[in-house]
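Undergrad: Okay, predicted coordinates and the sequence, questions at the end:
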Amino acid sequence: MYSHLIILPCVLCGICNIMEPSTQQGSKQQLKKWKGKAKSEVLGFKVEQVWPLLEDFFGLDKWFPTLSTCLPVEGISGRPGCVRFCAGFKTPVDGQDKQTINWTKQKLLSIDPTLHTFSYSIIDGNVGFYSYVSTVKVTPKEGQGCEIEWLYEVEPVQGWRLEDLDHFIGSGLQVMAERIQGALETMLEAVKA
């Protein structure tokens, strides 16, 4: 009945075992996204004190190191669908002689003020991030304050290693947590005086 059926090797999907092993493995690596997570503590302050500073989607330049610009492009800060333009940051793979300014446009996908979490994606930019989606959440840390967690997923970035991106996000989040903690401490000291 099916004597005329011809099976051709699949060179597109990388799923079947008909392809040569080296080609098949390369296809799977190209399809796999990088995933990572960073955490930083904000000591002495509750989630309810830290969250308002992070939920201001257009205010990232106040906290993220080397980010000189964060401007609204469309929508209202903190509402899903709003878009921000971020520029001026340095990455681990930027050379000393780099003349162009790194920039991205980022869209807020969802936000939950009750769970203190939001997700966003990079929709345009010149840093080579494709299919980038990130979730930021603030959670209580028993007796010590709270913790900011930054999860991300992105297609492999040309010229980067996963370790570069982990370092970029991890060190950036660490500085953000320190700046937020410093700002809240300054406010408390000023109110006490």
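TA: Okay, I see it.

Undergrad: Please count neighbours and contacts with C-alpha atoms only from this point.
TA: Noted.

Undergrad: and residue 41, how many residues sit next to it?
TA: Neighbouring residues of residue 41 were enumerated by other C-alpha atoms under 10 Å; the total is 22.

Undergrad: so what does the helix or strand hosting it touch, helix or strand wise?
TA: Following DSSP states H and E, one finds residue 41 within strand 34-43. Counting by 3 or more C-alpha pairs under 8 Å, 6 or more residues apart in numbering; DSSP states H and E, the packing neighbours recorded for strand 34-43 are strand 145-154, helix 162-192.

Undergrad: Please name whichever of these is nearest to residue 107.
TA: strand 145-154 (14.2 Å; C-alpha to C-alpha).

Undergrad: ok, the closest one: who's next to it in the sheet?
TA: Listed by DSSP bridges, the sheet partners of strand 145-154 and their directions read strand 34-43 (antiparallel), strand 133-141 (antiparallel).

Undergrad: As JSON lines, those strands with mean pLDDT and distance to residue 152 would be great.
TA: Formatted as JSON lines, the entries for the strands paired with strand 145-154 read as follows, by pLDDT from 0 to 100; distance: least, C-alpha to C-alpha, whole Å:
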{"stretch": "strand 34-43", "mean pLDDT": "96", "distance to residue 152": "5"}
{"stretch": "strand 133-141", "mean pLDDT": "97", "distance to residue 152": "4"}
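
Undergrad: looking at the helices and strands packed on strand 34-43, which is buried most?
TA: Each of these was given a mean neighbour count from mean count of other C-alpha atoms under 10 Å, and the largest, a mean of 20, is that of strand 145-154.

Undergrad: What is the distance between that one and the centre of its chain?
TA: Here the centre of mass of C-alpha atoms in strand 145-154, compared against the chain's by C-alpha atoms, centre = their mean, to the nearest Å, lies 9 Å away.

Undergrad: Grab the nearest non-local neighbour of the most centrally placed residue in the chain.
TA: Relative to the mean C-alpha position of the chain, the nearest C-alpha, by C-alpha atoms, centre = their mean, is the one of residue 134, at 4.2 Å. Taking C-alpha to C-alpha, 6 or more residues apart in numbering as the measure, residue 134 lies nearest to residue 152, with 4.2 Å between them; neighbours along the chain are not counted.

Undergrad: Alright, I will stop here.
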